[in-house]
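Chemist: coordinates only, sequence not included:
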């Protein structure tokens, strides 16, 4: 029954997050791509854009508008299909380092909370929290891996996961389970 509830929740969240015909447009755009090399060319465009604008980048959310100046007609208003290189192109090297620091800090906060949960085997509440922290960590790792193929910075889910990881430090500092 738990699996059925999970499937229903996933279905409704999928329906709520895919407003309009975005999903249909995405599926139809796959057929229009002539070859996989277009994605590789877009990676080159993003890297070239970042190298030519190393300090400030081209500006937040300006990759699509500027891709035509670094590529050919196939690259007009396209995503880089690699979130990390796209961030480097949009924000420059300092912005990219700040992004890496945010990710580092998120994993450090998760580790801090996980390490604060001593005696996990004896306390069921701490075991639940441990599983929750591990789930957030695994989800975040999966999202970052997907970032090698997608644009990740402008996605709401990235900021939700980042917020979840950042509040775990406060949970560790104010854990009522330690007072028992």
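Modeler: The structure has been received and is ready for your questions. Just so we're clear, the structure is a prediction, and the values are computed from it rather than from any experiment.
Chemist: And the helices in the chain?
Modeler: 2-17, 22-32, 37-52, 63-70, 83-116, 124-146, 156-173 (DSSP state H).
Chemist: any idea of the mean pLDDT for the third one?
Modeler: Confidence over helix 37-52 (mean pLDDT, whole number) is 79.
Chemist: swap in stretch 148-155?
Modeler: 73.
Chemist: Quick one: distance of it to the chain centre.
Modeler: Relative to its parent chain, stretch 148-155 has a centroid offset of 6 Å by Cα atoms, centre = their mean, to the nearest Å.
Chemist: before we move on, the earlier item: mind putting the helices of the chain into CSV with mean neighbour count?
Modeler: Placement of C-beta: from N, CA and C, glycine included. Formatted as CSV, these follow (neighbours: other Cβ atoms under 10 Å):
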stretch, mean neighbour count
helix 2-17, 9
helix 22-32, 9
helix 37-52, 18
helix 63-70, 18
helix 83-116, 18
helix 124-146, 15
helix 156-173, 15
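Chemist: hey, least reliable of those by pLDDT?
Modeler: helix 22-32 (a mean of 57).
Chemist: Residue 157 is in contact with residue 146, correct?
Modeler: No: using Cβ atoms under 8 Å, residue 146 is not in contact with residue 157, being 9.9 Å away.
Chemist: Overlap of the contact sets of those two?
Modeler: Shared contacts of residue 146 and residue 157 (Cβ atoms under 8 Å, 6 or more residues apart in numbering): none.
Chemist: Identify the residues contacting residue 95.
Modeler: Shown in contact with residue 95 (Cβ under 8 Å, 6+ apart): 56, 57, 87, 88.
Chemist: 7 Å instead?
Modeler: Residue 95 makes contact with 57, 87, according to Cβ atoms under 7 Å, 6 or more residues apart in numbering.
Chemist: Any figure for the gap between it and residue 59?
Modeler: Separation of residue 95 from residue 59 (Cβ to Cβ, to the nearest Å): 10 Å.
Chemist: cool, and residue 7?
Modeler: Relative to residue 59, residue 7 is positioned 41 Å away (Cβ to Cβ).
Chemist: what's the closest non-adjacent residue to residue 58?
Modeler: residue 66 (4.6 Å; Cβ to Cβ, 6 or more residues apart in numbering).
Chemist: Hmm, the one you found is touching residue 49, no?
Modeler: Yes: distance between residue 66 and residue 49: 6.4 Å, which falls inside the contact criterion (Cβ atoms under 7 Å).
Chemist: Touching both of the two, which residues are there?
Modeler: Common contact partners of residue 66 and residue 49 (Cβ under 7 Å, 6+ apart): residue 58.
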